[in-house]
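>>> sequence? don't have it. structure:
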């Protein structure tokens, strides 16, 4: 491994411990130092006892061999097993092993490799003590134990490397990992990895999870290979498999792997505690990815020494503090992800000229954007969403390299006009939803050649949509796929020329003040998967015939749009629909049998219309249905096609006119039964309804069931769940996925 610029070329004589006056391992209080001195004294006393009693240690080693949990190690095929502690011993007698253990413990304590307390013989089940037993007395690799006499030797770093990695495995509950990744397998630690296939790679390739070295001899991964090829190999990368049942605290011993370049331990729901301050000793570290654990406390100030860092990802944890001064020492940093933590206070004043991506979303930041952010002139991705930020956005005007901007769910005091972000032609994602912004929808937004996502929903925007700008677009001038403008005060008609937005997959114009007829040009946008037009002031009209062309639709809402007439039979051709909302209109007639062909429906809202007749028997095919609202209509008969055969798989929300004013059954949920002089009978029988309404009770089920899709960049603007405002989450439909690597183009 060569790094001529920094003089870090490794030779055999360099494989030793050298002193470091800036070592962060010495950041301890006087009380802690006293405790360690006392622990050392106790250790010396215990060591004297061990020297006297070889028999005791031999029994200890034999006991660990036999009783240690997880004795059998699962290979990557989950069929081959072998005892990780060896079939008998490491080829040496128990007396020799006992001496090796004494030497190992003496070295580890003298050099303060681990906390002394963890190495006391009365703490034999600590990960550190277990690692010492394994490496000295059980490990078939039989690595040399360095001396603790103050001299240095080439044996030190190989021992430190193997011991530290053994502690990592044991401290994070490696015995219970789903895949052990070849840890503690008896081979050189350069072979402690497992290759997993991936759909995005050829069949004969995969991703290696575990450790990786600077001299990995490619195909030599079998247990019987010649380890001599790796004697001088240095572990440079640690990449643990995510969601692998790792549990515990990050071991401070990793600080000894001073040639480590990459450390990735992420998406482990049970890794807790703080980030060890000793990690500031990893001066060659370039990538640190600890995303999606349960890490708390502040980011260590010792990180100021990590001046080779290019990617620092600590998002989705419980971190409570950050030192901008420490981060600013990482002058090579290209990506900094701190989103989804618990960091309060003002935004940090970063001075990072090479920074490309900065995510501070979902924290508790307050105040305004600091002026210093204007100095991040190369920034491409900026995520400040879901905080409590206020003030102006003018500072961002000069950051023309921005491609992905997420400012949503704050309280900005800003008005946008035709000059806002006018020079930002590189913009790909722009999310300013729920920001209290005022003004208009600028026409140049539709001229951005790279724009794919534009979300300005839940704001105070007024005026008409820029029709001429939209009409002037074509396939080469716009790539817009996601356009969300719902919940504003936008007026005027749906502009002519909207069919030019050929790439659109998501269009939400609902909850505005738009007028005129619903533009039939929408029928030319055959790539649409999501169309919400409800709660506007459109002219009365029949069910739009052009919808028959949009066979890719997955969600359709025409709520409260003055629609009349019957639901057409061809509705059953829209077989990809997950959600269909036709509530609060003037639709009449019976439900077409073809609706039973919508077998992917999760949500069907038909309430507050003039529909009649019975529930079609074809509704038995709607096995995924979770929400069904048919109240405030004139249905008769029963709901057997919906209720029968579902067993315990009940519908989460099912509302119908199944109450009478003489009944006291499930109708009590509405709190409005009784009070009529003449009897009112139930219109329909329902055995699985979650709420029965009385036909004349206008207060029953009077919540606004609006299933807006509130897009988030972390989930790639895909639907993660349906949230019906006051009525809660109905169901998760897809797992959120992280897009950081895709956005930044980083490993």
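Done, it's in. Predicted model, so just to flag it, every value in this text is computed and none were measured.
>>> pLDDT of stretch 323-331, averaged?
The predicted model assigns stretch 323-331 a mean pLDDT of 95.
>>> In that stretch, which residues are buried?
Within stretch 323-331, the residues scored as buried using 16 or more other C-beta atoms under 10 Å are 323-324, 326-330. C-beta: built from backbone N, CA, C; applies to glycine.
>>> same deal with stretch 534-547?
534-536, 538, 543-544, 547.
>>> quick one, what contacts residue 283?
Contacts for residue 283 (C-beta atoms under 8 Å, 6 or more residues apart in numbering) come out as 258, 305-308.
>>> give me that answer again for 7 Å
The contact partners of residue 283, by C-beta atoms under 7 Å, 6 or more residues apart in numbering, come to 258, 305-306, 308.
>>> In TSV: the buried residues of stretch 534-547, plus secondary structure, pLDDT and distance to residue 364.
Shown next, in TSV, are the buried residues of stretch 534-547 (DSSP: H, G, I helix; E, B strand; the rest coil; pLDDT from 0 to 100; distance: C-beta to C-beta, whole Å):
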residue	secondary structure	pLDDT	distance to residue 364
534	coil	93	34
535	coil	93	33
536	coil	95	36
538	coil	96	41
543	coil	96	47
544	coil	96	45
547	helix	97	44
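>>> for the residues you listed, which one is nearest residue 612?
residue 543 (16.3 Å; C-beta to C-beta).
>>> how close does that closest one sit to residue 287?
Plainly put, residue 543 is 55 Å away from residue 287 if you go by C-beta to C-beta, to the nearest Å.
>>> same thing with residue 566?
From residue 566 to residue 287 the distance is 60 Å (C-beta to C-beta).
>>> what does residue 500 give?
Taking C-beta to C-beta, one finds residue 500 at 43 Å from residue 287.
>>> related to what we said a few turns ago, who's more crowded, residue 566 and residue 287?
Legend: neighbour count by other C-beta atoms under 10 Å for residue 566 and residue 287, higher for residue 287 (20 against 14).
>>> Give me the phi and psi for that one.
The phi/psi pair for residue 287 (degrees, to the nearest 10) reads phi -130, psi 120.
>>> beta partners of it?
Beta-bridge partners for residue 287, by DSSP bridges, are residue 262, residue 311.
>>> wait, doesn't it sit right on residue 262?
Yes: counting by C-beta atoms under 7 Å, residue 262 is a contact partner of residue 287 at 4.4 Å.
>>> Please identify which helix or strand holds residue 107.
helix 94-110 (DSSP states H and E).
>>> Check which helices and strands the helix or strand following that helix sits against.
For helix 94-110, the following helix or strand on the C-terminal side (DSSP H and E) is helix 127-133. If you count contacts as 3 or more C-beta pairs under 7 Å, 6 or more residues apart in numbering; DSSP states H and E, helix 127-133 packs onto helix 94-110, helix 156-171.
>>> let's see 10 Å
helix 54-67, helix 94-110, helix 156-171 (3 or more C-beta pairs under 10 Å, 6 or more residues apart in numbering; DSSP states H and E).
>>> what mean pLDDT does that helix have?
The model assigns helix 127-133 a mean pLDDT of 96.
>>> ok now that helix, how far from the chain's centre?
34 Å (C-alpha atoms, centre = their mean, to the nearest Å).
>>> would CSV of the buried residues of stretch 323-331 with secondary structure and distance to residue 272 be doable?
Shown next, in CSV, are the buried residues of stretch 323-331 (DSSP: H, G, I helix; E, B strand; the rest coil; distance: C-beta to C-beta, whole Å):
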residue, secondary structure, distance to residue 272
323, coil, 22
324, helix, 26
326, helix, 22
327, helix, 23
328, coil, 28
329, coil, 27
330, coil, 25
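>>> thinking again about what came up before, who wins for neighbours among the contacts of residue 283?
residue 306 (24 neighbours).
>>> now the helices for the chain?
With DSSP state H applied, the chain shows helices at 30-52, 54-67, 94-110, 127-133, 156-171, 324-327, 467-471, 640-643, 740-744, listed in chain order.
>>> need the least confident one among the ones you listed, by mean pLDDT.
Among these, helix 740-744 carries the lowest mean pLDDT, a mean of 39.
>>> lowest-confidence helix or strand of the chain?
strand 72-74 (a mean of 34; mean pLDDT, DSSP states H and E).
>>> Can you give me the distance of residue 194 to residue 709?
Going from residue 194 to residue 709 by C-beta to C-beta gives 39 Å.
>>> Pick out whichever of the two has more residues nearby.
residue 709 (24 against 20).
>>> related to what we said a few turns ago, so what does the helix holding residue 107 touch, helix or strand wise?
With contacts taken as 3+ C-beta pairs under 10 Å, 6+ apart, helix 94-110 sits against helix 30-52, helix 54-67, helix 127-133, helix 156-171.
>>> The nearest residue to residue 238 once chain neighbours are set aside: what's it in contact with?
Using C-beta to C-beta, 6 or more residues apart in numbering and skipping residues adjacent in sequence, the residue nearest residue 238 is residue 263, 5.2 Å away. Shown in contact with residue 263 (C-beta atoms under 10 Å, 6 or more residues apart in numbering): 237-240, 250, 254, 257, 279, 282, 285-290.
>>> How far does the lengthiest strand in the chain sit from its chain's centre?
The residue-count maximum for a strand in the chain (DSSP state E) belongs to strand 206-213. From the chain centre to the centre of strand 206-213 is a distance of 22 Å (C-alpha atoms, centre = their mean).
>>> repeat for stretch 586-597
Per C-alpha atoms, centre = their mean, the centroid offset for stretch 586-597 relative to its chain is 40 Å.
>>> what residues are up against the closest residue to residue 145 other than its chain neighbours?
Closest residue in space to residue 145, ignoring its immediate chain neighbours: residue 103 at 4.4 Å, by C-beta to C-beta, 6+ apart. Counting by C-beta under 10 Å, 6+ apart, residue 103 touches 136, 144-148.
>>> got a markdown table for the residues you listed, with pLDDT too?
Listed next are the contacts of residue 103 as a markdown table, based on pLDDT from 0 to 100:
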| residue | pLDDT |
| --- | --- |
| 136 | 94 |
| 144 | 92 |
| 145 | 94 |
| 146 | 94 |
| 147 | 91 |
| 148 | 90 |
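>>> Would you mind listing which of those residues are buried?
If we count by 16+ other C-beta under 10 Å, the contacts of residue 103 have these buried: 136, 145-146.
>>> how about low-confidence regions in the stretch 501-650 of the chain?
647-648 (pLDDT under 70).
>>> Going by residue numbers, what spans are strands in it?
With DSSP state E, counting those that start in this stretch as the criterion, the stretch 501-650 of the chain has strands at 506-508, 513-514, 530-532, 541-542, 555-557, 563-566, 579-581, 586-589, 603-605, 610-613, 627-629, 634-635.
>>> For residue 479, find the nearest of those strands.
With respect to residue 479, and counting by C-beta to C-beta, the nearest of those is strand 506-508 at 13.2 Å.
>>> Check which helices and strands the closest one is in contact with.
Strand 506-508 packs on strand 453-455, strand 482-484, strand 530-532, strand 555-557, going by 3+ C-beta pairs under 10 Å, 6+ apart.
>>> 6 Å instead, please
strand 482-484, strand 530-532 (3 or more C-beta pairs under 6 Å, 6 or more residues apart in numbering; DSSP states H and E).
>>> residues making contact with the first one?
By C-beta atoms under 6 Å, 6 or more residues apart in numbering, the surrounding residues in contact with strand 482-484 are 453-455, 457, 506-508, 717.
>>> how about a cut-off of 7 Å?
433, 452-455, 457, 504-508, 711, 717.
>>> Could you do stretch 552-568 as well?
In contact with stretch 552-568 (C-beta under 7 Å, 6+ apart) are residues 510, 526-536, 538-543, 574, 576-589, 591-592.
>>> Can you tell me which of those are buried?
Counted by 16+ other C-beta under 10 Å, those give 510, 528-536, 538, 543, 574, 577-585, 587, 591-592 as buried.
>>> Pretty sure residue 624 sits against residue 600.
Yes: with contact defined as C-beta under 7 Å, residue 624 counts as touching residue 600 (6.5 Å).
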